[in-house]
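Asks: quick one: sequence plus predicted model below, questions after.
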Amino acid sequence: MKPLVAIVGRPNVGKSTFFNRMIGERLAIVEDLPGTTRDRLYGDTDWNGRDFTLIDTGGLELGTGTPVGQVGLTGQPGDLMDHVMAQAQLAIEEADVIVFMVDARSGITSADEDVATLLRRTKKPVILAANKADNAARRLDAVEFYSLGLGEPIVISSIQGSGTGDLLDEIVNAL
Ligand code: GDP
Ligand code: MG
């Protein structure tokens, strides 16, 4: 079994965009086992000769790009953060490395702080990735995420592809 790398974070920060960039058409498995939800996508990939399985959490249930605060298919608005926190907890239990993705355009939100509080308690490696840093100003702004207490953010733009190599270096170094 390959090491598991889970991408967690609130909806709309760009988890699926990064995942799709890494996995592309190699995405083969959608977990549909009894007792598991269908909202985690698994895909095998590699970087610098290291194989690992990337997990995109919180995907199908909310739909790609569901705006923050909007109700997903599950019905109640409260489900949304419960879901994000449950996925983060699952990642702590299951994954070998956790990528916590935040949004450099929106800055720190209270939801980010809640997830960070949970992730600070694990001894597993947590890599903080500040996505949507599409230009120099956003890349500078992203230093604010340092205050989440999870170390220096890796500043990336999943759309442009900038910084993603650095993030992947961090991931495989932590495996
Ligand atoms: P998820 O809910 O965390 O999986 O987020 P998605 O991957 O669905 O992305 C949410 C929205 O953010 C989509 O409209 C993406 O196109 C956009 N997005 C993702 N990455 C970036 C980025 O690096 N820069 C910008 N400007 N937008 C991004
Ligand atoms: Mg998604």
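Replies: Received, thanks. Numbering: from 1, shown residues only. Ligands and ions are numbered 1, 2, ... in the order given.
Asks: could you pull out the helices for the chain?
Replies: 15-23, 79-94, 110-119, 136-141, 164-174 (DSSP state H).
Asks: which one of these is the most hemmed in?
Replies: Mean neighbour count, computed with mean count of other C-beta atoms under 10 Å, is highest for helix 15-23 among the helices of the chain, reaching a mean of 21. Any C-beta I mention is one placed from the backbone N, CA and C, and that applies to glycine too.
Asks: what about that one, average pLDDT?
Replies: On average, the pLDDT along helix 15-23 is 90.
Asks: now the helices of the chain in CSV, with distance to residue 130?
Replies: Output for those, formatted as CSV (distance: least, C-beta to C-beta, whole Å):
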stretch, distance to residue 130
helix 15-23, 12
helix 79-94, 17
helix 110-119, 10
helix 136-141, 8
helix 164-174, 10
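Asks: for residue 2, find the nearest of the ones you listed.
Replies: Closest to residue 2 of those is helix 164-174 (C-beta to C-beta; 11.8 Å).
Asks: what helices or strands is that closest one leaning on?
Replies: Applying 3 or more C-beta pairs under 8 Å, 6 or more residues apart in numbering; DSSP states H and E, we find helix 164-174 packed against helix 15-23, strand 41-47, strand 50-56, strand 97-103, strand 126-131, strand 154-155.
Asks: surely residue 152 meets residue 146?
Replies: Yes. If you go by C-beta atoms under 8 Å, residue 152 and residue 146 touch, sitting 6.2 Å apart.
Asks: residues from the protein in reach of ligand 1?
Replies: 11-17, 64-65, 131-132, 134, 157-159 (C-beta under 6 Å from any ligand atom).
Asks: again, 8 Å this time
Replies: Taking C-beta under 8 Å from any ligand atom as the contact definition, the chain meets ligand 1 at 7, 9-20, 56, 58-59, 62, 64-66, 101, 103, 105, 131-134, 156-160.
Asks: can you tell me which of the helices of the chain the model trusts least?
Replies: Among the helices of the chain, helix 79-94 carries the lowest mean pLDDT, a mean of 85.
Asks: re the thing from before, and the helices and strands packed on helix 164-174: which comes nearest ligand 2?
Replies: Ligand 2 lies closest, by C-beta to the ion, to one member of the helices and strands packed on helix 164-174: helix 15-23, at 3.2 Å.
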